[in-house]
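In: Structure, please.
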Amino acid sequence: MTGPFARTTRRDALRLLAGLPLLAAARPAAAIPSLSFDELYSKFGVLGLEFSEKVKSLAGQEITINGFMAPPLKAEAAFFVLTEIPMSICPFCSTDSDWPDNIVVVYLGEKQTFVQPSQTIAARGVLEFGSWTDPETGFVSLLRLRNAEYASV
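Out: Model prediction:
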């Protein structure tokens with residue numbers, strides 16, 4: 001037998017097989033999908049805002065989205081509003097019909113120190129969509145990240 005495998009022994013084959021788990025572990029983890037504010041809705045129709053197909057397909061999955069932290073309603077809040085542009089006041093909505101198309105509510109997995117409204121942040125959490133009212137605060141949302149965390153970008 002000639003060629004590159006002519007001298008492959010059983011021992012060489014076993015070494016190769018033993019190393020395969022290390023090669024698999026060295027692969028980078030699957031990238032977390034990201035959304036931008038431009039990708040949240042497909043259109044504004046007669047019934048109001050319509051979620052994009054991307055939002056629908058990523059529901060229930062961990063995603064990232066960059067934006068700005070609106071000033072929290074209170075210092076010890078377990079959530080904040082992520083906005084597309086820096087805001088000096090919180091864009092609190094009383095009903096989902098008043099919901100702006102450039103905000104996402106971020107429910108933290110654990111408390112973090114809030115940042116200045118002009119600081120760009122990356123929020124990461126499990127995406128949910130559809131009208132929901134927080135039973136503790138009465139805050140109404142159409143888009144949320146659950147078990148979230150954030151970091152300055």
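In: just for the protein, where's the confidence low?
Out: Residue ranges of the chain with pLDDT under 70: 1-29, 73-75, 88-99.
In: 80 - rerun?
Out: 1-30, 44-48, 71-77, 87-101 (pLDDT under 80).
In: can you give me the strands for it?
Out: Listed in chain order, the strands of the chain (DSSP state E) span 34-35, 41-45, 48-51, 62-69, 79-83, 103-108, 120-133, 140-152.
In: what's the burial count for the closest residue in space to Phe114 that isn't next to it in sequence?
Out: Nearest in space to Phe114, with sequence neighbours left out and distances taken as Cβ to Cβ, 6 or more residues apart in numbering, is Pro72 at 5.6 Å. Heads up, the C-betas are built off the backbone N, CA and C, glycines and all. Pro72 has 15 neighbours, counted by other Cβ atoms under 10 Å.
In: Ok, Leu127 next?
Out: 24.
In: Could you export the strands of the chain to TSV, including columns for distance to Phe114?
Out: Formatted as TSV, the strands of the chain follow (distance: least, Cβ to Cβ, whole Å):
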stretch	distance to Phe114
strand 34-35	22
strand 41-45	27
strand 48-51	27
strand 62-69	6
strand 79-83	7
strand 103-108	10
strand 120-133	10
strand 140-152	10
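In: give the contact list for Gly109.
Out: Applying Cβ atoms under 8 Å, 6 or more residues apart in numbering to Gly109 gives the contacts 125, 147-149.
In: And the furthest pair within these?
Out: Largest separation among the contacts of Gly109 by Cβ to Cβ: Asn147 and Glu149, giving 8.2 Å.
In: which residues are common contacts for these two?
Out: By Cβ under 8 Å, 6+ apart, the residues touching both Asn147 and Glu149 are 109, 125.
In: ok, Ser34 - contacts?
Out: Each residue near Ser34 by Cβ under 8 Å, 6+ apart is listed here: 63-66.
In: What's the ChimeraX line that selects buried ones from those?
Out: Buried residues among these (16 or more other Cβ atoms under 10 Å), as a ChimeraX selection:
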select :63,64,65,66
